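Participant: show me how the following folds:
(2 chains)
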Amino acid sequence: MFEFCADPKSLEGARWMVCYLTTGKHLLFYQSFLLVIGLMLVTVPCALAMGFLGALGARSSIAPLRWLGKGYAALVRGVPDIAFFLFVPLALDQGLEWLRHQVKCPDWDAPVRQGNDFVVCSAAKLPLSSSPQWVHETYGIILAVAAFAFVFGAFASHVLSGAMNAVPRAQLETAEAYGMTPRQTTWRILVPQMWIYALPGLSNLWMVLIKATPLLFILGIEDIVYWGRELGGMKTSAYDYPHGDWRLWYFLALLVFYLMLTRVSEIVLSRLTRRLSHGQATMAGEEMRRA
Amino acid sequence: MKTLILSTAALALGAGMALAQDTIRLGTEGAYPPFNLIDDKGEVGGFEREVGDELCKRAELTCEWVTNDWDSIIPNLVSGNYDVIIAGMSITDERDEVIDFTQNYYPPASSAYVAMDEGVDLTGGVVAAQTATIQAGHVAESGATLVEFATPDETVAAVRNGEADAVFADKDYLKPVVEESGGELIFVGEDVQLGGGVGLGLRESDTELKEKFNTAITSMKEDGSLNELLKKWFGEDTVTY
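Facilitator: As a prediction, this is how the structure comes out:
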């Protein structure tokens, strides 16, 4: 990065440190912070959407939909997360490749499963093995978001259906008395009012989600904890910048980052709570009315 | 409509052309210097990087490097995330049941114990090794208490902070670690011969690719270029072909 970094072995003191902290590897480490934050911001709407569908499904008057909604929440909440993190991306990836295989290579006669191997024709590979590395990485991230949305969606679905049940029955009765259809009641009365009841549970989920990012490395995404471990590990002189076991310092930096992220989240969430409490028949809402 | 069909045909043709120049994806761990490592530019480096690039050149393949956790390196190969494992993986019968190996490009070499002091009990003490390696299997059979770690670096760190009495790993991995520890770490006990050397791991169904790499490895062995690389990365007195 800097000119004086050309020969790392001859550097000392502060210069060594400056060069060390600006190696290409460290830049990847800094990028991974953005990656993690970006991933969270994409995952949350997806997980909320899944949760919302699940919650609406669980309340549906159509029996199969209700079973689907309830089954989804029960299944995912009951099975360890890590099983789903391994299962969802793999199943999704192989499922999509299998579909593409059926469409693109109809005259392929070898079986797709050969012993342990999962073999599709090379035109059906997703992404194509000739596509550049960033396509593979993006694809991996999309699979990761899908896995996170699937798992956290189930928890969100439970929180949201609890919140829907917490909206005072009198509100819905009034809506019905005004002649609203069930659909209108749901969208105009129930959904706008449920958020305040859902918020504590959802904020909990957000906190858990923030800390779940090391699971990403299972899916091949190099997150901050992976880079912290990789950079902090002892380096022999096979590397340009040999050093001892510095994992403690890297993990300390991660600790500070996570605490800061938690603090910022708390501030945002408490503002959101205030906003949503306005005009609600809850204790916080009442207090605001009096003040 | 006609243009639509035409352009689809052109697209399909284009896709077919792209496939003729198929890219082979090489999967490595990137945490096992000097075999493979992520260098300070953030790219894959080490002995296997040079061997892999040369093999691809000789076999006339376009290759791309990817890193993967050691724990899931075989499952991700068989499910098709990459095509070759090139990660200091010793050829063993157990692994051979699941995947295929080329001939070795790194001769069968010794594994060794490293500890903080001379008198540790290697058959009754606590010995660290990396998960799912031949060394871990050997420790488990030796009667010592095995503690496993996900990365090789953590196995050495475990000895330094007293969690384990000794670490058992490839001697070529441990050698620079011992040399640069300033006398803190030493080799103890006898070296042990394990495994059938290091080979490329491939899917069992990929016989054609296996042949291509086998031919390339043979040619590198014959003209001495593999020996040069071995000496460059593992020192003058390393075992060569």
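
Participant: which residues in chain B form helices?
Facilitator: B:2-20, B:47-58, B:73-78, B:93-96, B:134-142, B:152-160, B:171-179, B:207-222, B:225-234 (DSSP state H).

Participant: would you single out the least confident of the ones you listed?
Facilitator: Least confidently modelled of those is helix B:2-20, at a mean of 43 by mean pLDDT.

Participant: could you pull out the strands for the stretch 101-250 of chain A?
Facilitator: Secondary structure of the stretch 101-250 of chain A (DSSP state E, counting those that start in this stretch): strands at A:113-114, A:117-118.

Participant: counting by contacts, list what the first one packs against.
Facilitator: Under the contact criterion of 3 or more CB pairs under 8 Å, 6 or more residues apart in numbering or on different chains; DSSP states H and E, the helices and strands touching strand A:113-114 comprise an empty set. In this view, the C-beta of every residue, glycine as well, is placed from N, C-alpha and C.

Participant: residues contacting it, please?
Facilitator: Here strand A:113-114 makes contact (CB atoms under 8 Å, 6 or more residues apart in numbering or on different chains) with A:119, B:204-205.

Participant: on that earlier part again, could you redo the strands of the stretch 101-250 of chain A as TSV and give each row mean pLDDT and mean neighbour count?
Facilitator: Shown next, in TSV, are the strands of the stretch 101-250 of chain A (pLDDT from 0 to 100; neighbours: other CB atoms under 10 Å in any protein chain shown):
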stretch	mean pLDDT	mean neighbour count
strand A:113-114	80	12
strand A:117-118	82	20
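
Participant: would you mind giving those strands as TSV with distance to A:V225 added?
Facilitator: Putting these into TSV (distance: least, CB to CB, whole Å) gives the following:
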stretch	distance to A:V225
strand A:113-114	34
strand A:117-118	29
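
Participant: enumerate every residue touching B:Y105.
Facilitator: Residues in contact with B:Y105, defined by CB under 8 Å, 6+ apart, are B:51, B:55, B:197-200, B:217, B:220, B:226.

Participant: swap in 7 Å and give it another go.
Facilitator: B:51, B:198-199, B:217, B:226 (CB atoms under 7 Å, 6 or more residues apart in numbering or on different chains).

Participant: cool, B:V192 as well?
Facilitator: B:110-111, B:138.

Participant: most neighbours among these, which one?
Facilitator: B:S111 (23 neighbours; other CB atoms under 10 Å in any protein chain shown).

Participant: what separation do you get for it and chain A?
Facilitator: B:S111 is 18 Å from chain A, where distance means CB to the nearest CB, to the nearest Å.

Participant: cool, B:L55 as well?
Facilitator: The value you get for B:L55 to chain A, if CB to the nearest CB is used, is 17 Å.

Participant: count of neighbours near A:E287?
Facilitator: 10.

Participant: then A:A124?
Facilitator: A:A124, neighbours per other CB under 10 Å, totals 20.

Participant: wait, it sits on A:L99?
Facilitator: No - here A:A124 does not reach A:L99: they are 8.3 Å apart, not a contact under CB atoms under 7 Å.

Participant: what comes up buried for stretch A:217-237?
Facilitator: Residues A:217-236 are the ones in stretch A:217-237 that count as buried (16 or more other CB atoms under 10 Å in any protein chain shown).

Participant: what do you get for stretch A:24-44?
Facilitator: By neighbour count on 16+ other CB under 10 Å, the buried set for stretch A:24-44 is A:25-26, A:28-29, A:32-33, A:35-36, A:39-40, A:42-44.

Participant: just put those residues in CSV and tack on distance to chain B and secondary structure.
Facilitator: Shown next, in CSV, are these (distance: CB to the nearest CB, whole Å; DSSP: H, G, I helix; E, B strand; the rest coil):
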residue, distance to chain B, secondary structure
A:K25, 4, helix
A:H26, 8, helix
A:L28, 5, helix
A:F29, 9, helix
A:S32, 11, helix
A:F33, 15, helix
A:L35, 14, helix
A:V36, 17, helix
A:L39, 18, helix
A:M40, 22, helix
A:V42, 22, helix
A:T43, 21, helix
A:V44, 26, helix
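
Participant: which of those lies closest to A:L160?
Facilitator: A:V44 (13.5 Å; CB to CB).

Participant: who touches that closest one in this structure?
Facilitator: Neighbour list for A:V44: A:W206 [criterion: CB under 7 Å, 6+ apart].

Participant: just the pLDDT for it.
Facilitator: Each residue has a pLDDT score; the one for A:V44 is 92.

Participant: any idea how far it lies from A:V159?
Facilitator: From A:V44 over to A:V159 the distance is 13 Å, taken as CB to CB, to the nearest Å.

Participant: same question, B:E118
Facilitator: Distance from B:E118 to A:V159, counting by CB to CB: 59 Å.

Participant: one more: B:G30?
Facilitator: Applying CB to CB to B:G30 and A:V159 gives a distance of 39 Å.

Participant: what of A:F33?
Facilitator: With CB to CB as the criterion, A:F33 and A:V159 are 28 Å apart.

Participant: what do you get for A:N165?
Facilitator: For A:N165 relative to A:V159 (CB to CB), the value is 11 Å.
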